[in-house]
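> what would the 3D arrangement of this be:
(2 chains)
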Number of protein chains: 2
Amino acid sequence: MERFSSISMAVVRRLPKYYRYLGELKKNDVKRVSSQELSRITGFTASQIRQDLNCFGGFGQQGYGYNVDDLHQNIGSILGLDKVYKTVIVGAGNLGQAIANYTFFAKSGFIPEALFDINPKLIGLRINDIKVYDVEELESFVRDNDIEIGIICTPKNQCQKVAETLARAGIKAIWNFAPSDITVSDDIIVENVHLSESLFTISYLLKEKEEVLKAKKL
Amino acid sequence: MERFSSISMAVVRRLPKYYRYLGELKKNDVKRVSSQELSRITGFTASQIRQDLNCFGGFGQQGYGYNVDDLHQNIGSILGLDKVYKTVIVGAGNLGQAIANYTFFAKSGFIPEALFDINPKLIGLRINDIKVYDVEELESFVRDNDIEIGIICTPKNQCQKVAETLARAGIKAIWNFAPSDITVSDDIIVENVHLSESLFTISYLLKEKEEVLKAKKL
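So this is what the prediction gives:
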């Protein structure tokens, strides 16, 4: 993916974390927070946090810290969460249905306009009131409805073909849940979800813990 | 979560990425790779990669780089992927079923022994040959079968209760897909999956791109 911004991807990937933690503080009625407190919650260093937020203009005040509501809203707007995005879900199996049913995404402004599948038993059904279409209609649907984000929930062996169809139709971004990376032209934003990375972190920590306990017993 | 290791979580979280990229190189029959090449593929700096791998003993040879097969196997073993883990999936809705059907996890050594749900229509069914039990049986099942990892796929309002049941039963790690963080005692490894972070990265990049295009036109 081609970018023309000086903001590094590492900073970009920390923003949703700040947004989530600030949302939790807000829910707990916390009104202001220092970069030191944010550091304790997020695990990033205070200077890292100040540096990250300075990329976008700062928002904090020396001796006061950050106003939680304002910072939450500002980061939301930096993340583009004050807008609405039209999406389609390709693959109406368990995962596609889970995402169609996950109302948090729609509440955050990512509106699924349609599901697509190759299975005649699924075509025509409605999942959370979102209609399942024949995947043959995917290209024209995306083009005619100005869909911006395609969510791929197909098996591994279908995802590249689907990605190419979405690309031909003019999709702007692809969120890929298929366990295989896809290749499309550089001007399309691709975000591959790798659930295995999170699972393998668990097995690492389990193993590390066992070793520490074993060493203690020796 | 309490840890007694000097390896930082940032390093731990990079390991599954190295493992995945090395797996791809292996699949493409690449035999050796330099830290510079790994840097180009992974986006981490070459010195970062060398430093990370040095935490575990290095593996590379000056002037040769890394043997792809060996490094893949070594990192797999550091990640604990040469072992088998018994898991249960709590919540047999779309997401729980998607995970039960996702054979990659079982192939990587994470074996789902049972699904649990409160819905009488689901109890007794078999998903990918894994039986769905009444969630009332969760505590005794986990205890009697030495289950190590609990995968929570329930709605938000059920996840804390399920986490406490798993904790009482002696679970070692929890992989939480419910869109709400859970709180259990420090000796249990908890990995919360936050799909929204990946989605919000897309909206950031979409917005950034639009702004860059707009600025170019001015």
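> residue A:96 against residue A:117, yeah?
Yes. Using C-beta atoms under 8 Å, residue A:96 makes contact with residue A:117 at a distance of 7.4 Å. The C-beta positions use only the backbone N, C-alpha and C, and glycine is treated the same way.
> which neighbours do those two have in common?
Residues within reach of residue A:96 and of residue A:117 at once, by C-beta atoms under 8 Å, 6 or more residues apart in numbering or on different chains, are residue A:90.
> so between these two, which is more surrounded?
Legend: neighbour count by other C-beta atoms under 10 Å in any protein chain shown for residue A:96 and residue A:117, higher for residue A:96 (27 against 23).
> that one: what's it in contact with?
A:89, A:90, A:115, A:117, A:127, A:151, A:153.
> state the distance from the first one to residue A:101.
Between residue A:89 and residue A:101 the distance, using C-beta to C-beta, to the nearest Å, works out to 11 Å.
> quick revisit: the contacts of residue A:96 in strands, which ones?
A:89, A:90, A:115, A:117, A:127, A:151 (DSSP state E).
> strands of chain A, residue ranges please.
Under DSSP E, chain A gives strands at A:32-33, A:66-67, A:85-90, A:110-117, A:126-127, A:130-134, A:149-152, A:173-176, A:189-192.
> name the stretch among these that sits most buried.
Mean neighbour count (mean count of other C-beta atoms under 10 Å in any protein chain shown) peaks for strand A:149-152 among the strands of chain A, with a mean of 26.
> on that earlier part again, of the ones in strands among the contacts of residue A:96, which is the nearest to residue A:13?
residue A:151 (19.1 Å; C-beta to C-beta).
> how far away is the closest one from chain B?
Distance, residue A:151 to chain B, using C-beta to the nearest C-beta, to the nearest Å: 9 Å.
> what's near enough to touch that residue?
Here residue A:151 is in contact with A:87, A:88, A:89, A:90, A:96, A:99, A:112, A:174, A:175, A:177 (criterion: C-beta under 8 Å, 6+ apart).
> beta partners for it?
According to DSSP bridges, the residues that bridge with residue A:151 are residue A:89, residue A:175.
> circling back to that earlier point, shared neighbours of residue A:89 and residue A:101, which are they?
By C-beta under 8 Å, 6+ apart, no residue touches both residue A:89 and residue A:101.
> can you lay out the contacts of residue A:96 as CSV showing distance to residue B:27 and pLDDT?
Below are the contacts of residue A:96 laid out as CSV (distance: C-beta to C-beta, whole Å; pLDDT from 0 to 100):
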residue, distance to residue B:27, pLDDT
A:89, 28, 98
A:90, 24, 98
A:115, 31, 98
A:117, 28, 98
A:127, 34, 95
A:151, 25, 98
A:153, 23, 96
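> ok, of these, which one's closest to residue B:211?
The closest of the contacts of residue A:96 to residue B:211 turns out to be residue A:151 (C-beta to C-beta; 23.7 Å).
> export the helix ranked longest in chain A to PDB, keeping only CA atoms.
If you go by DSSP state H, chain A has its longest helix at helix A:195-217. C-alpha atoms of helix A:195-217 as PDB (Å, rounded to 0.1, in the frame of the first residue of the first chain):
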ATOM      1  CA  LEU A 195      -5.800 -14.200  14.500                       C
ATOM      2  CA  SER A 196      -3.000 -16.700  14.800                       C
ATOM      3  CA  GLU A 197      -0.600 -14.000  16.000                       C
ATOM      4  CA  SER A 198      -2.800 -13.400  19.000                       C
ATOM      5  CA  LEU A 199      -3.200 -17.100  19.700                       C
ATOM      6  CA  PHE A 200       0.600 -17.800  19.400                       C
ATOM      7  CA  THR A 201       1.200 -15.000  21.900                       C
ATOM      8  CA  ILE A 202      -0.800 -17.100  24.400                       C
ATOM      9  CA  SER A 203       1.200 -20.200  23.700                       C
ATOM     10  CA  TYR A 204       4.400 -18.300  24.100                       C
ATOM     11  CA  LEU A 205       3.300 -16.900  27.500                       C
ATOM     12  CA  LEU A 206       2.100 -20.300  28.600                       C
ATOM     13  CA  LYS A 207       5.400 -21.900  27.800                       C
ATOM     14  CA  GLU A 208       7.400 -19.000  29.400                       C
ATOM     15  CA  LYS A 209       5.300 -19.300  32.600                       C
ATOM     16  CA  GLU A 210       5.900 -23.100  32.800                       C
ATOM     17  CA  GLU A 211       9.700 -22.600  32.400                       C
ATOM     18  CA  VAL A 212       9.700 -19.900  35.100                       C
ATOM     19  CA  LEU A 213       7.800 -22.200  37.500                       C
ATOM     20  CA  LYS A 214      10.100 -25.100  36.600                       C
ATOM     21  CA  ALA A 215      13.200 -22.900  37.300                       C
ATOM     22  CA  LYS A 216      11.800 -21.800  40.600                       C
ATOM     23  CA  LYS A 217      11.400 -25.400  41.700                       C
END
